[in-house]
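1. Here you go, sequence then predicted model.
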Amino acid sequence: MGDGRLPAHLEAGAILRLAEAQGGFGTVIEKGERDAGTILIVTIFRGEPSRLYERMPQRDGTRPFRLSREQDVENNTEFSEYLARRKRQDPDIWIIEADVADSERFIASLPQ
């Protein structure tokens, strides 16, 4: 990992601690490759639709988490099926669930 990124297991731990620091709770749903696994973050809160955030590389070299999918309340299974399909495509992937009141603030507070 010569690109200066944190190993995935350390980044996952930091995400969980941040959720708790913001008054929420975080858990690892799928544990991926320890050092180089891709991290997906699912945010939930009190019956609101789940949201999926993924890192999106930018031209300036940053890799912020961006909203990539929101749960369709009329088709709840589509969201979970998408996550399962991603895991099958990339067994090294991490899926972290964060139960936080303000998902945008939570995601914005993560390092790029």
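-> Received the coordinates, thanks.
2. okay, CA-based contacts and neighbour counts for the rest of this
-> Will do.
3. from what I can see A12 touches I96, true?
-> Yes: in terms of Cα atoms under 8 Å, A12 counts as a neighbour of I96; the distance is 7.4 Å.
4. Now do the buried residues in stretch 51-68.
-> Taking 16 or more other Cα atoms under 10 Å as the basis for neighbour counts, the residues of stretch 51-68 that come out buried are 51-55, 64-67.
5. Tell me which of those fall in helices.
-> The helices, defined by DSSP state H, take in nothing from these.
6. what's the farthest-apart pair in these?
-> R51 and P64 (15.3 Å; Cα to Cα).
7. helix, strand or coil for I107?
-> Assigned with DSSP: H, G, I helix; E, B strand; the rest coil, I107 falls in the helix class.
8. how near is it to I15?
-> With distances defined as Cα to Cα, to the nearest Å, the gap from I107 to I15 amounts to 9 Å.
9. and those two? which has more neighbours close in?
-> The residue with more neighbours, out of I107 and I15 and counting by other Cα atoms under 10 Å, is I15; that gives 25 against 20.
10. surely the more buried one meets P111?
-> No: under the criterion of Cα under 8 Å, I15 is not in contact with P111, lying 9.6 Å apart.
11. Name the residues contacting each of the two.
-> Applying Cα atoms under 8 Å, 6 or more residues apart in numbering, one finds that no residue jointly contacts I15 and P111.
12. what about this structure, any weak spots by pLDDT?
-> Counting by pLDDT under 70, the chain contains low-confidence ranges at 1-4.
13. Now do the helices in it.
-> Going by DSSP H, the chain shows helices at 8-21, 76-89, 103-108.
14. okay, those helices, which one's buried deepest?
-> Among the helices of the chain, ranked by average contacts under mean count of other Cα atoms under 10 Å, first place goes to helix 8-21 (a mean of 17).
15. what about E74, how many neighbours?
-> Counted by other Cα under 10 Å, the residues lying close to E74 total 7.
16. ok, it to K31 distance?
-> Between E74 and K31 the distance, using Cα to Cα, works out to 29 Å.
17. related to what we said a few turns ago, same list, the helices of the chain, but as TSV with distance to I41 please.
-> Conversion of the helices of the chain to TSV gives the following (distance: least, Cα to Cα, whole Å):
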stretch	distance to I41
helix 8-21	9
helix 76-89	11
helix 103-108	9
